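Asks: Any chance you could fold what I've pasted below:
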Amino acid sequence: MAYDLKEKLVIGISSRALFDLEKENEIFESQGVEEYAKYQLEHENELLEKGTAFPLIEALLRLNKIFNDPIVEVIVMSRNTPETGLRVFNSINEYGLEIYRAAFTGGESISPYLHAFEVDLFLSKSEEDVQMAIDNGIAAAIIYNPP
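Replies: Take a look at the predicted model:
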């Protein structure tokens, strides 16, 4: 039997909103995907710093401790590569976040995954990804760095 997400608040979060991946994003934009993947593999055991949306996600996941059945499901949804996925999940585990699902598309659109995972709200630092989610009928918001 498939895991039912219909009775949960499903939050899709980009890895760059959850963790501080600005340096890595700069490598991707200036040197390309190969150097980016190489960097991630070389640093896969280094803990990622908390990103701008980390406190919000942490608070939402704490709601699950109040109810008998969890009411919030957080899914990492990212155009990043699977190499980044390993580093992200190492950090998720280290911080004790109860996040078990993800889609790392390796540069492809995340749009098909939003409906497949029944995402109610998508949060990202990418204006393009947020607009794409909105265009596909998913509530979405850009996460900005604090001033």
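
Asks: hmm, who's touching the longest strand anywhere in the chain?
Replies: Using DSSP state E, we find that the single longest strand of the chain is strand 72-78. The contact list for strand 72-78, computed with C-beta atoms under 8 Å, 6 or more residues apart in numbering, reads 5, 8-16, 18, 57, 60-61, 63-64, 84-85, 88, 92, 97-99, 101-105, 110, 113-114, 117, 119, 122. Every residue, glycine included, has its C-beta placed from N, CA and C.

Asks: chain center to the helix or strand of the chain with the lowest mean pLDDT: distance?
Replies: Within the chain, no helix or strand scores below helix 33-42, which has a mean of 84 by mean pLDDT, DSSP states H and E. Here helix 33-42 is found 18 Å from its chain centre; the criterion is C-alpha atoms, centre = their mean, to the nearest Å.

Asks: what comes up buried for the following helix or strand past that helix?
Replies: Using DSSP states H and E, the helix or strand that follows helix 33-42 in sequence is helix 54-62. By 16 or more other C-beta atoms under 10 Å, the buried positions in helix 54-62 come out as 54, 57-58, 60-61.

Asks: nearest to residue 130, of those residues?
Replies: Of all the buried residues of helix 54-62, residue 57 has the smallest distance to residue 130: 16.3 Å, by C-beta to C-beta.

Asks: Who are the contact partners of the closest residue to residue 107 other than its chain neighbours?
Replies: Closest residue to residue 107 apart from its sequence neighbours, by C-beta to C-beta, 6 or more residues apart in numbering: residue 79 at 5.5 Å. For residue 79, the contact set (C-beta under 8 Å, 6+ apart) comprises 104-110, 126, 129.

Asks: Roughly how far does residue 79 sit from residue 66?
Replies: Distance from residue 79 to residue 66, counting by C-beta to C-beta, to the nearest Å: 33 Å.

Asks: longest single helix anywhere in the chain?
Replies: Across the chain, the longest stretch assigned as helix under DSSP state H is helix 82-95.

Asks: now for that one, which elements pack on it?
Replies: helix 15-18, helix 33-42, strand 72-78, strand 101-104 (3 or more C-beta pairs under 8 Å, 6 or more residues apart in numbering; DSSP states H and E).

Asks: All good on my end, thank you.
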